[in-house]
Every structure is written in structure tokens, then in C-alpha cells.
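# no sequence on this one, just coordinates:
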């Protein structure tokens, strides 16, 4: 259940000011996409986004442009280049592993696409836009947390030379920002590339109908009908990539001790988690957002059968430890990492230490170690 599996949003959410600001930015960007993106990208002919917001008529797959040659290595250490990809279509995207908003949403949708195209002879390639952090080893762990069994998926580390070349090849952008919560802003579209390296489609990752078109167009390029595709793996917490978000408490609520647990929602109300709640979370993930989280999770209404939903709800319920849910739960708030200044949740599972009578929380073990080495360098804000 990637992203926000416990979940709702009502009027007047009681979120911290910084979270409200980021949430408002997401809302404004969504409105721009819906209302003005077509006009905006029309004047940026080199940009791939224009094709996402001005798609070709249904049934047509024009050759948009030809990818130039490139060569790199994927997370398994295998060569990956335009030539090595020749012969099979592939779906491409750009992500980075420390992203806490757009990338988890994109990757959760990519896992859905992979399931819908199970057994189809094509590949999936995700390029990192964060050369400083995303090594092949980091990307390998990212792949394991999202879809460990997907052998068609390659994640590609970049460097300061290759990244600009790849961005130019796909006609997208990635820019650093001064915001520690959102350090890189990048294009969030999917690409469909044919067996000869021709880009045949660009698809908005947040648009459900665009994702449907991508799946249908990819099947056409492969030369197979969706009805003849192989059965996807059983819908489980692992196969749906739920760990990609829910193992990171700053992205999504942990999936432990759920049955009977109390949660505070974005509007300040309290709810008790039961089977009905879990089912709503899977079908209407934006309905009941847990306080402090964004509505990033995709709906499984169109991709899972009733039987699969029932089995998934049962699996989630079995993760509870019974008596543990009756114990008082610590209040979890958004606090500031004193090293990188990223906003993190004061979750006991997050890296943290006791320092001068205070619990100090960090976004990563790396920040914790930097603090321990020289705490005097990092004044503590009120956490």
C-alpha cells in the first residue's frame, strides 16, 4: 500500500505551517497542471511535458523524437545503453531515493504499471537525478523495497556529466533547490520508448487516464493484447511495494499494530483502524489522511479485485500484535533535523538520540552520526 495507507483529508487540516506551505504548493501545481499547463508548455517546444499535456489522438503513436546514444550502468552492475535497450520497448522515468513527495507517488504508480503489464516483453528504466547520494547500492535497496521480484526494472545511477546528457536526451529538467524538504525539483512524467529508441509517448504520472493510455500503448508496441498478459504476482504488501513508503515514517504511516489502533487525522479528528477503514484506505486513499502526511498513495480500485482487496486487508490486520495496540501511543509530531534542517517525524522508529534531556530526531543515520561527532555545531531548535 505505497504511500498513505491510513489516510484522509477533510476541510481545515491541522498541519504545521511548513507542511501547509508545501501542501499548498502541491495543490497549486496540481491546479496549474489542470488549468494552465497546456498553454505553458506550448511555448517550450524542447520540453517533453508538452506531449504529456497535448497527447496524440487515441490509437496513434507518432515518433516524437529519437533518443541520442547514452551509456551507463544499472543497479545490478549491468551495462545499460541505448544499444543494450534496442530490440524491446521500455518505459522510463526520473526519480531520486530521498524524495518524499513526487517520487514515491511516481514509483507506486510504476509498480501498478508493472503489474498491469506482467509478462509483457518490455523493460522499465528509472534514472536518478541525485548523483551525490544515489549510488548503485542505494538504488538496489530502493528496488528491493518497492518491487524486489521485478527483473525487467533497471535503476540507473548518474554522475555530474551523464545526468545533464540524459536530461537533455529526454527533454526534461532537474534543478536543486534551497528547500531541505524538497532538495531537487524534476520532471515527473513517464516515457514510452520503442525498440528502435524512438520516444513514442509522454504521460503525466499523476493522471489516471494517462496511466491507462500508457499501459495500452505499451502493450501495442510489444504487439500483444492486454488480455493475453500473464497474471501478475499475488497482491501482497511486498508485491505492491508498500514498504517503499511505509518503511519510512517521514513518507507514510508504518504498517504495524494496525487493528484497533487510534489515529489522529488531518482534520484533528480521531479514528479507530479496523477492516472497513483499511479497505477505504486502499480504495479512497485521499479520504482519511493521517495527520502529518500528504495524500500520495494511488487508489487500487481499478487494479485489484474484491478477493485481492480482502486478502490484503487480512494481511494488514495480521500484522497487529494484539495487546500492543491497547498501549498508549507516543505523540508523533513534525520536528527539525538539527543537521540538515529537514522536517522529520518524531517516530520512535526514526534515528534519534537523547541529548541534554531532549529527544533529538534525524532524517538518517548519517545526520545522527554528524551530530554525535560535534553536537556544538548544531544548535537545537525546539523539537
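Thanks, I have the structure now. Given the structure is predicted, the values throughout are model-derived calculations rather than measurements.

# What's the local residue count around residue 370?
17 (other CB atoms under 10 Å). From N, CA and C alone the C-beta is placed, and that goes for glycine too.

# outside of the helix or strand hosting it, which residues touch it?
Assigned by DSSP states H and E, residue 370 falls within helix 365-373. Around helix 365-373, the neighbours that count as contacts under CB atoms under 8 Å, 6 or more residues apart in numbering are 337-340, 351-353, 355, 360, 362, 378.

# Any chance of TSV for the residues you listed, columns distance to residue 246?
Below are these laid out as TSV (distance: CB to CB, whole Å):
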residue	distance to residue 246
337	20
338	26
339	25
340	22
351	17
352	19
353	24
355	28
360	24
362	19
378	29
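
# what about the spatially most central residue of the chain, helix or strand, and which?
The centre of the chain sits closest to residue 104, judged by CA atoms, centre = their mean, with a distance of 1.1 Å. Following DSSP H and E, one finds residue 104 within helix 102-116.

# could you say what helices and strands that helix packs with?
For helix 102-116, the helices and strands in contact under the criterion 3 or more CB pairs under 8 Å, 6 or more residues apart in numbering; DSSP states H and E are strand 90-95, strand 123-128, helix 136-147, strand 189-193, helix 208-222, helix 243-246.

# ok, back up a step: can you go through the contacts of helix 365-373 and name the buried ones?
337-340, 351-352, 360, 362, 378 (16 or more other CB atoms under 10 Å).

# Which of the residues you listed fall within strands?
With DSSP state E as the criterion, strands contain 352, 360 from among the buried ones among the contacts of helix 365-373.

# can you list the buried ones among the contacts of helix 365-373 in CSV and add pLDDT and distance to residue 371?
Listed next are these as CSV, based on pLDDT from 0 to 100; distance: CB to CB, whole Å:
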residue, pLDDT, distance to residue 371
337, 87, 9
338, 90, 6
339, 89, 5
340, 84, 10
351, 84, 10
352, 90, 10
360, 93, 7
362, 86, 7
378, 90, 5
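
# what's the burial count for residue 54?
Residue 54 has 12 neighbours, counted by other CB under 10 Å.

# Apologies, that question was intended for residue 267.
Residue 267 has 15 nearby residues by other CB under 10 Å.

# does it count as helix, strand or coil?
Per DSSP: H, G, I helix; E, B strand; the rest coil, the local secondary structure of residue 267 is coil.

# And it, how close does it get to residue 310?
Residue 267 sits 29 Å away from residue 310, going by CB to CB, to the nearest Å.

# what about stretch 362-379, start to end distance?
Terminal residues of stretch 362-379 lie 14 Å apart, using CA to CA, to the nearest Å.

# Just the buried residues of it, please?
Across stretch 362-379, burial judged by 16+ other CB under 10 Å covers 362-364, 367-368, 370-371, 375, 378.

# And stretch 73-91, by the same measure?
Residues of stretch 73-91 classed as buried: 74-75, 80, 82, 85, 88-91 (neighbour count, 16+ other CB under 10 Å).

# right, and the pair among those residues with maximum separation?
Farthest pair in the buried residues of stretch 73-91 (CB to CB) is 75 and 89. Separation: 20.4 Å.

# Tell me the secondary structure at residue 154.
What three-state DSSP gives for residue 154 is strand.

# That one bridge partners, please.
On the basis of DSSP bridges, residue 154 is bridged to residue 125.

# still on that earlier bit, and the buried residues of stretch 73-91, which is closest to residue 252?
The shortest approach to residue 252 among these belongs to residue 75, at 22.8 Å (CB to CB).
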